[in-house]
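Participant: Quick one: sequence and predicted model below, then my questions.
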Amino acid sequence: GAARLRFALSLWPTTGAIFLVYFSEYAMQSGVWAAMGFPRPDTTARRASFYLYSNWLYQCGVLVSRSSGFLIIKPPRLGTLWAMSVSQAALLTFFAADAARHFWYDASVLSACFVVGLLGGGVYVHGFRRLAARDDEPELAMPIGALASDAGTLASNVAGLFLQACLYEANGIDGATVPWNLPGCRSAS
C-alpha cells in the first residue's frame, strides 16, 4: 500500500509532463478550437471547418511524433520532455488568446495545430518509454502513466467547457454556457 503510493508519487517528473501535455492539447481541442473559424467564428459552418482541419493536422503531427519512438533509441532527457509539455501549454495560451483577439486569424494558423500534434505525440511516446525503461516495477509505472494521461484529459474537458463559454462570449456567439457566473464567460443563469 504505502510503498506503492510512494513509488507512484516518485514518478511525478514523468507523469506530470504527461498530465500537462494531455491537459493542454485536449483543452485546445474541446474548448478553444471549437470556438475558432475563419474569417470570423460567427457561423457553425466556419467553426466546424476549422475544427475539422485543425484536428486532421493535429492527428498528422501525432502520427509523425509517435513514429519517432522507433527512430530515437534512448528516451529524451526529462528536461526535454518538460520543455515539450510547457511548449504545449504555451500553445494552449496562444490559441486561447488568438481565438479571443484574432491577431493571427487566418488559415496559416493551422500549421500550429500540426505542432500541437508533434508535441503531444512526442511526450506520449517518450514519456511512456521512460516509464517502461525503469529498472524498478515498470509494470506498475505504465498504468500510473495512463492514469496521468486520463487525469489530464478529464481536467482538460472541464477546462474546455469554460474556455469555450468564455470564447463564445468574446466572439458574440450563442450556445456555450457554464453554470456559474464568471467574468468573461456566458453563464446558464
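Facilitator: Thanks, I have it.
Participant: which intervals of the protein have sub-threshold pLDDT?
Facilitator: Scanning the chain for pLDDT under 70 picks out 182-189.
Participant: top helix in it by residue count?
Facilitator: helix 138-171 (DSSP state H).
Participant: list the helices and strands that helix packs on?
Facilitator: Contacts defined by 3 or more CB pairs under 8 Å, 6 or more residues apart in numbering; DSSP states H and E place helix 138-171 against helix 2-10, helix 12-27, helix 78-101, helix 110-132. Yep, even glycine has a C-beta here, placed from its N, CA and C like the rest.
Participant: okay, the angle between the third one and helix 138-171?
Facilitator: Helix 78-101 and helix 138-171 are oriented at 20 degrees to each other (axes from the mean of the first three to the mean of the last three CA atoms, to 10 degrees).
Participant: Start the count at 22 instead of 1 going forward.
Facilitator: Sounds good: first residue 22 from here, last item helix 99-122.
Participant: Check which residues of helix 99-122 are buried.
Facilitator: 102-103, 105-106, 108-110, 112-113, 115-117, 119-121 (16 or more other CB atoms under 10 Å).
Participant: From the contact counts, what lies against it?
Facilitator: Partner elements for helix 99-122 (3+ CB pairs under 8 Å, 6+ apart): helix 33-48, helix 131-153, helix 159-192.
Participant: since we're on the residue lying closest to Ser75 once chain neighbours are set aside, how many residues are nearby?
Facilitator: Nearest non-adjacent residue to Ser75, counting by CB to CB, 6 or more residues apart in numbering: Cys134, 4.2 Å away. Counted by other CB atoms under 10 Å, the residues lying close to Cys134 total 23.
Participant: I'd like the distance between Arg133 and Met57.
Facilitator: Just to correct that, residue 133 is Ala rather than Arg. Per CB to CB, to the nearest Å, Ala133 is found 11 Å from Met57.
Participant: Common neighbours of these two, please.
Facilitator: Phe116 (CB atoms under 8 Å, 6 or more residues apart in numbering).
Participant: Looking at the two, which has the bigger crowd around it?
Facilitator: Taking other CB under 10 Å, Ala133 and Met57 do not tie; Met57 has more neighbours (25 against 18).
Participant: Just confirm the more buried one contacts Arg68, I think it does.
Facilitator: Yes - if you go by CB atoms under 8 Å, Met57 and Arg68 touch, sitting 6.6 Å apart.
Participant: that older thread, pull out the buried positions in the longest helix of the chain.
Facilitator: 162, 165-166, 169-170, 173-174, 177, 180-192.
Participant: How far away from the center of its chain is that helix?
Facilitator: Relative to the chain's own centre, helix 159-192 is displaced by 7 Å; criterion: CA atoms, centre = their mean, to the nearest Å.
Participant: Could you do stretch 42-57 as well?
Facilitator: Relative to its chain's centre, stretch 42-57 lies at 6 Å (CA atoms, centre = their mean).
Participant: How about stretch 84-98?
Facilitator: 19 Å.
Participant: Check stretch 48-59 too.
Facilitator: The answer for stretch 48-59 is 11 Å, by CA atoms, centre = their mean.
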